[in-house]
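# have a look; sequence and predicted model below, questions after that.
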Amino acid sequence: MSTDTLVPDLADVDNFLDGEMPWRMFDVLRRTDPVHWNPESDGGSGFWSLTRHADILRADRDAATFTSEKFVNLEEVDERQAAIRRSMLETDGPRHLAL
């Protein structure tokens with residue numbers, strides 16, 4: 001399969017078992033869809049992936065537009081579990097700096 005026709009699915013953990021597949025997926029995303037919405041076929045809420053350095057820096061420096069407050073993980077959890085398990089990865093602003 002050509003990497004140009006590859007439809008990256010970052011939610012499919014099987015894609016990360018082959019050492020070559022993740023690199024190909026991220027290469028395709030950087031070239032064709034650097035700000036990528038990845039739906040989840042198992043009923044999860046989906047997630048955004050930023051694959052270009054400049055986009056990552058912009059998001060990191062603009063907490064008013066882009067937030068880390070929404071709990072993201074390999075599993076969906078309710079708000080109570082999210083609060084218990086929250087780490088600095090899901091925290092913005094002063095709380096993030098304190099951690």
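Yep, that arrived.

# may I see the buried residues of the longest helix belonging to the chain?
If you go by DSSP state H, the chain has its longest helix at helix 21-32. Going by neighbour count (16 or more other CB atoms under 10 Å), the buried part of helix 21-32 is Met25, Phe26, Val28, Leu29. Any C-beta I mention is one placed from the backbone N, CA and C, and that applies to glycine too.

# just checking, next helix/strand downstream of that helix?
strand 35-38 (DSSP states H and E).

# what strands line up against that next one, and which way round?
Applying DSSP bridges, strand 35-38 is found paired with strand 47-50 (antiparallel).

# just give me how far whichever helix or strand comes after the partner strand sits from the chain centre.
Downstream of strand 47-50, the first helix or strand assigned by DSSP H and E is helix 53-61. Counting by CA atoms, centre = their mean, to the nearest Å, helix 53-61 is centred 13 Å from the centre of its parent chain.

# can you check stretch 55-66 too?
On CA atoms, centre = their mean, the centre of stretch 55-66 falls 14 Å from the chain's centre.

# can I get that stretch in CSV? Just the C-alpha atoms.
Extracted C-alpha coordinates of stretch 55-66, given in CSV (Å, rounded to 0.1, in the frame of the first residue of the first chain):
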residue,chain,number,x,y,z
ASP,A,55,1.4,23.7,15.2
ILE,A,56,2.5,22.0,18.5
LEU,A,57,4.3,25.2,19.6
ARG,A,58,1.3,27.3,18.8
ALA,A,59,-1.1,25.1,20.7
ASP,A,60,1.3,24.8,23.7
ARG,A,61,1.6,28.6,23.9
ASP,A,62,-2.1,29.4,23.6
ALA,A,63,-4.0,27.9,26.5
ALA,A,64,-6.9,30.2,25.9
THR,A,65,-7.6,28.5,22.6
PHE,A,66,-6.2,25.1,23.1
